[in-house]
Structures are given as C-alpha cells and as structure tokens.
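Student: just coords:
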C-alpha cells in the first residue's frame, strides 16, 4: 500500500540555519504530495503542495519539489526562524482523497 | 477561511464510558475525516465520510463508530472507551469538486484521556 517515510527528529538548528527535512514515498501512480505543519497546541495547517512531477510548492519561505525519479518531496528553507519550531508532516493523497501521513519531524530552532 | 471546530480541546473519561467527539465545518465540504495522532505513529485514519449518512472505514476503525446526519457535522463515537484510546483526535474536511486533490483542513484537535 501507499506509505510515506520521513526523517526522524528532532531536528535542532540555530536561527538563520538552512533546513532540510527528507521525505520519500511509495505509491501506485502519481499522487499529489503535501507538507503540513503543526504548531504547539494546534491542529495541522497546510504548508505547501505539489500535484505532479517537477512541480515546486512554496509558502512562507519553505519549498519542496516533487521528484518522481527519486520518489521524494524534501522540505527546505534557506533561513529558519524561532517561530518555525513545530512538527512537520509529509503526506500523499491516495485513492478517494485520503491522506497518508509520515510520522512527523519535530523542528526546534534556537535563537 | 475554512473553519473546522472540534467541540472540546481536552476531555477526560473513564473506561467503559460511551464518548462522543464532535466536529463541525462551515464551508459546505462534502468530505470529512477523523484521525488519531500518536507519538511516533503520525496520523492514522479512523473513519471518513463522503456525504451525509455515508461512512467508510479507515485504517484503524476498531472500537470506533461515526455519525453524519448533517453535512456540516461529523461525530466520532467510542462505544466503550478503553485506556488504549487515549490519544489526540483530529477532524478534517475537504471539498470534492473543483480542482483535483483538494487539501484537507484540520481542527485544533481533542486531547482525550481515558482513565
């Protein structure tokens, strides 16, 4: 079945550092891919998405490119801020609009 | 903006009780979903619904049921709560029409403790 694998956290960075959170997937066909973010005490918010190969999703300085050849959708940001501290979830949309999530990666950014 | 509202942020119940978790969305979305979130496991789909009175099992439906009598409301029911159902529960909704692969919009979650 469909599955998503994310790097384990926590990822600990200093402010202004470069961020990469790895995400790979296994799926039949070409699913849409998503990154969601969960801030402390809140639900999930959509961060960005890509619907086909080579698409780049971007939002709030975060980017991710849909790589069909490596089945990956890595999340990057050039300069993280303390306010980016959160849990990040990679997900794919399978059949019937169901999302399949990775286990989440916690990001901790220190001043 | 889409608003998905879960009736309680925190809930404490006892083993064997029947527990109701309520979710309401205000954007006329056809699809609604219930997930549970556990450390190291991410989000797992319990049940979902494509329309009023429709329901489909997700990946972990055992011990749960759902009700969707109105389009905007989707209820999760723990028939006889057990301690292994202590978890964070998240509700989500999405559109069917328009562009494909509509994103899901989430509520803030209900942290449920079963004692």
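Tutor: Ah, there it is. Bear in mind the structure is a predicted one, so any value in this text is a computation, not a measurement.

Student: List the buried residues of the helix or strand hosting residue A:89.
Tutor: Here residue A:89 sits within strand A:86-93, counting by DSSP states H and E. For strand A:86-93, a neighbour-count test (16 or more other CB atoms under 10 Å in any protein chain shown) marks A:86, A:87, A:88, A:89, A:90, A:91, A:92, A:93 as buried. Placement of C-beta: from N, CA and C, glycine included.

Student: Which elements pack onto it?
Tutor: Secondary-structure packing of strand A:86-93 (3 or more CB pairs under 8 Å, 6 or more residues apart in numbering or on different chains; DSSP states H and E): strand A:3-6, strand A:23-26, strand A:32-38, strand A:99-101, strand A:105-110.

Student: Output the contacting helices and strands for the third one.
Tutor: Using 3+ CB pairs under 8 Å, 6+ apart as the contact definition, the elements that strand A:32-38 packs against are strand A:23-26, strand A:44-50, strand A:62-65, strand A:86-93.

Student: Please produce JSON lines containing these, extended by mean pLDDT.
Tutor: What follows is the helices and strands packed on strand A:32-38, written out as JSON lines (pLDDT from 0 to 100):
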{"stretch": "strand A:23-26", "mean pLDDT": "96"}
{"stretch": "strand A:44-50", "mean pLDDT": "94"}
{"stretch": "strand A:62-65", "mean pLDDT": "98"}
{"stretch": "strand A:86-93", "mean pLDDT": "95"}
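
Student: so which of the ones you listed gets nearest residue B:73?
Tutor: Between residue B:73 and the helices and strands packed on strand A:32-38, the tightest spacing by CB to CB is seen for strand A:44-50, at 20.2 Å.

Student: before we move on, back to that, want to throw the helices and strands packed on strand A:32-38 into a markdown table with distance to residue A:2?
Tutor: A markdown table is the format used below for the helices and strands packed on strand A:32-38 (distance: least, CB to CB, whole Å):
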| stretch | distance to residue A:2 |
| --- | --- |
| strand A:23-26 | 6 |
| strand A:44-50 | 16 |
| strand A:62-65 | 18 |
| strand A:86-93 | 6 |
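
Student: who wins for proximity to residue B:79 among those strands?
Tutor: Of all the helices and strands packed on strand A:32-38, it is strand A:44-50 that lies closest to residue B:79, at 26.6 Å by CB to CB.

Student: circling back to that earlier point, could you tell me the least trusted of the helices and strands packed on strand A:86-93?
Tutor: When those are compared by mean pLDDT, strand A:99-101 comes last with a mean of 91.

Student: Check which helices and strands that one is in contact with.
Tutor: Counting by 3+ CB pairs under 8 Å, 6+ apart, strand A:99-101 packs on strand A:3-6, strand A:86-93, strand B:42-49.
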